[in-house]
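>>> I would like the atomic coordinates for the input below:
(one chain, ligands or ions: 1)
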Amino acid sequence: MPKKTAAFHTLGCKLNQYDTQSLMELFRERGYTIVDFPQRADVYVINTCTVTGTGEKKSRQAINRAIRGNEESIVVVTGCYAQTAPGEVAGIEGVDLVIGTQDRAQIVDLVEEIAAVHGPRILVDDIFKAREFEELPVKEFSGRTRAAMKIQEGCNQFCSYCKIPYARGPSRSRSMKAIIDEAQRLADQGFREIVLTGIHLGFYGRDLEPPSNLAEVIRAIHGIEGLARIRLGSVDAPEIDDELIGVLRDYPKACPHLHIPLQAGHDVVLKRMRRPYTLEEYRRVVEKVRENIPDAAITTDIIVGFPGETDAQFKNALQFVEEMAFSRLHVFRYSPRRGTPAAGFPDQIPTKVKNERSQQMIELGKKLSRGFHQRFIGREIEVLWEEAGIDGQGDLWQGHTPNYVMVKAYRVTGSPGDLETVSITGAGEEGIWGTVVEQLNGKDIE
Ligand code: SF4
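Numbers count the residues shown, from 1 in each chain. Okay, the predicted model is just below:
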């Protein structure tokens, strides 16, 4: 009998990518072959997104692509859009199963049930009842040296622009035992770097009994053999305490890199966003990180054109961002998300103004990245190599430093996952380049 096939399509963030890997694994375990989307398949799984302005539209397009011409296939829609608008998704003709961000461990059973009695079903429980971290282990990432490991789900913060707390429910943490087991498994598979991720990562451990925190997670997995680096995903400023900074400073595998979402550069805007800090508090955290870890890379997210943001407030944001000397900026133009308080704020900013502000902020971000990268010229830095052949030839490699600066250099031999020292000779907006210290082969990058 031919094997059953399943095709997956993922929209949105890294966490969704991660969840899709887990779902694929569940299907593989049950004998399915995974095929590329939108190739012909018995089952299509669309992992949707609702966070960005275009997320829902793209999600609907992907659903329709799966449905078109595949009347016999089972179409499953999951993820944030499915969680927040289950009725709307189920109303799309051809969708067989809508499954929210919980209960996904049973996904294959549900699909097989539908295959037996072909008819649509909706399974979206009240997400606010979810109290436990749903274990969806990732057993396989392919061709990579870095693996994302999700240790926390959900968020209790309800920032006024964000739909995530409605889509993913309250914060819940993965047990320490499950984290250690998965980190060990990933190291055994050859992954050298683990990125700890979560929706509101800094809340890790608050719901556990006894409570725990990110510093404990790093300490718990630090001794795993084969693992070279532990990196943190995004952590909000109020959650970066002395203990966490101390671990990042003192544990050699802990990467000196913090992504601390700023979101706005004016206290009035921060307050309307319901962010839990002031600029002064944010500044103090950044100063403390830099006092302890001088080369720490601090990256951030910033939203421009939030309702009511005046020209003066935006100017303040530019000044503050410059002062913080971020090594990388992710700039987002505010877009209203249905059902969030900010979507109903009366003073929405015209698109033209949002575009102009975004452009200015992006330019500033490039300048800051260049500035951060230039400090490494003339220094020798450890690089974890990821891939070869980035110039179409075999020997130009790309990797990252512990503080997440992209590095390029020519190598004669070696594999992804190798750690080497590179002598840095140049820097640009995107990263730095140089010569491998142990493998000088005379080729420099212009
Ligand atoms: S902290 Fe705010 S922006 Fe982040 S997921 Fe929670 S509600 Fe959304």
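>>> any buried residues in the longest helix seen in the chain, and which?
Ranked by residue count, the top helix of the chain under DSSP state H comes out as helix 351-374. Along helix 351-374, the positions that meet the burial threshold by neighbour count (16 or more other Cβ atoms under 10 Å) are 354, 357, 358, 360, 361, 364, 365, 368, 369, 372, 373. In this view, the C-beta of every residue, glycine as well, is placed from N, C-alpha and C.
>>> tell me how far the second one lies from residue 152.
Between residue 357 and residue 152 the computed distance is 32 Å (Cβ to Cβ, to the nearest Å).
>>> mind listing the helices for this protein?
Under the criterion DSSP H, the chain contains helices at 14-29, 55-67, 80-84, 86-90, 107-116, 164-168, 176-188, 214-222, 242-250, 267-273, 279-292, 311-324, 351-374.
>>> same for the longest one, what does it pack against?
Helices and strands in packing contact with helix 351-374 are listed as strand 297-304, helix 311-324, strand 328-333, strand 419-427; criterion 3 or more Cβ pairs under 8 Å, 6 or more residues apart in numbering; DSSP states H and E.
>>> what's the most buried one of these?
Scoring the helices and strands packed on helix 351-374 by mean neighbour count under mean count of other Cβ atoms under 10 Å gives strand 297-304 as the most buried, with a mean of 23.
>>> I'd say residue 244 and residue 213 touch.
Yes: look at residue 244 against residue 213 with Cβ atoms under 8 Å: they come within range, at 7.2 Å.
>>> for the ligand, what are the nearby residues on the protein?
Proximity of the chain to the ligand is assessed by Cβ under 6 Å from any ligand atom, with 155, 157, 158, 159, 162, 164, 165, 199, 200 identified as the residues in range.
>>> for the first one, grab the count of nearby residues.
Using other Cβ atoms under 10 Å, the number of residues around residue 155 comes to 21.
>>> for it, what are its contacts?
Residue 155 makes contacts with 162, 164, 165, 168, 170, 171, 199, 200, 203, as judged by Cβ atoms under 8 Å, 6 or more residues apart in numbering.
>>> please name the nearest non-neighbouring residue to the fourth one.
Put plainly, it is residue 168. Leaving aside its sequence neighbours, residue 168 sits nearest to residue 154 (Cβ to Cβ, 6 or more residues apart in numbering; 4.6 Å).
>>> contacts only, for that neighbour.
If you count contacts by Cβ under 8 Å, 6+ apart, residue 154 has them with 127, 130, 165, 168, 169, 170, 171, 172, 199, 200.
>>> who are the contact partners of the fourth one?
Residues near residue 168 by Cβ under 8 Å, 6+ apart: 80, 83, 101, 127, 153, 154, 155, 199.
>>> can you put those in a markdown table and add pLDDT?
What follows is those, written out as a markdown table (pLDDT from 0 to 100):
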| residue | pLDDT |
| --- | --- |
| 80 | 86 |
| 83 | 82 |
| 101 | 76 |
| 127 | 61 |
| 153 | 90 |
| 154 | 89 |
| 155 | 91 |
| 199 | 89 |
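>>> hang on, the earlier thing: for the residue nearest to residue 168, grab phi and psi.
Summarising the backbone geometry of residue 154 under the convention degrees, to the nearest 10, its torsions are phi 80, psi 170.
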